[in-house]
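Undergrad: Need a 3D model of the following:
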Amino acid sequence: MQKITVDMRSGQVTVEDGDRSATHSLGSAEGFDAVSQAWLRAAWDAKYMYSFTWFGRPIIQVPEDMIRIQELVYEVQPDVILETGVAHG
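TA: Prediction:
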C-alpha cells in the first residue's frame, strides 16, 4: 500500500511504495494524481457522495461529477438519456 505525504509549505507530494519513493511538485500531474487518489479514498471512507441532494432528492454523486455530466450532455445533445442503477427511482 502506498504512503502519501503532502508538505503544504514546500508544495511537495512524496509517494512511498515499499522500498520506492518519489517526490513531486503538488501542481505536477504526478503530484495532483497522488493527492486526488488520497482524496477519493477519504471521500469514499467518509461516504461524502451521500451528502448531496438535488431538489430534495439524494443524488449520490459529488457535485463535480454532476457538472461534468451536465457539460457532456450539453456538448453531445443526445436524443435519449437512459440512466440505470438509480437508487431512489
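
Undergrad: so where's the chain uncertain?
TA: 86, 88-89 (pLDDT under 70).

Undergrad: immediately after the longest helix seen in the chain, which helix or strand?
TA: For the chain, the helix with the greatest residue count under DSSP state H is helix 29-46. Counting by DSSP states H and E, the next helix or strand C-terminal to helix 29-46 is strand 53-54.

Undergrad: Does the longest helix of the chain pack against any helices or strands, and if so which?
TA: Applying 3 or more Cβ pairs under 8 Å, 6 or more residues apart in numbering; DSSP states H and E, one finds that helix 29-46 makes contact with strand 2-7, strand 12-17, strand 20-25. Placement of C-beta: from N, CA and C, glycine included.

Undergrad: can you tell me which residues contact residue 22?
TA: Residues near residue 22 by Cβ atoms under 8 Å, 6 or more residues apart in numbering: 14, 15, 30.

Undergrad: and if we set it to 10 Å?
TA: With contacts defined as Cβ atoms under 10 Å, 6 or more residues apart in numbering, residue 22 is in contact with 13, 14, 15, 16, 30, 31, 34.

Undergrad: now do residue 61
TA: By Cβ under 10 Å, 6+ apart, the residues touching residue 61 are 49, 50, 52, 54, 68, 69.

Undergrad: if we go to 7 Å?
TA: Residues near residue 61 by Cβ atoms under 7 Å, 6 or more residues apart in numbering: 49, 52.

Undergrad: ok, now how distant is the residue of the chain most remote from its centre from residue 72?
TA: What lies farthest from the middle of the chain is residue 79; by Cα atoms, centre = their mean that is 28.6 Å. To residue 72, residue 79 is 15 Å away according to Cβ to Cβ, to the nearest Å.

Undergrad: one step back: make TSV out of the helices and strands packed on helix 29-46 and add distance to residue 42.
TA: Putting the helices and strands packed on helix 29-46 into TSV (distance: least, Cβ to Cβ, whole Å) gives the following:
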stretch	distance to residue 42
strand 2-7	11
strand 12-17	15
strand 20-25	19
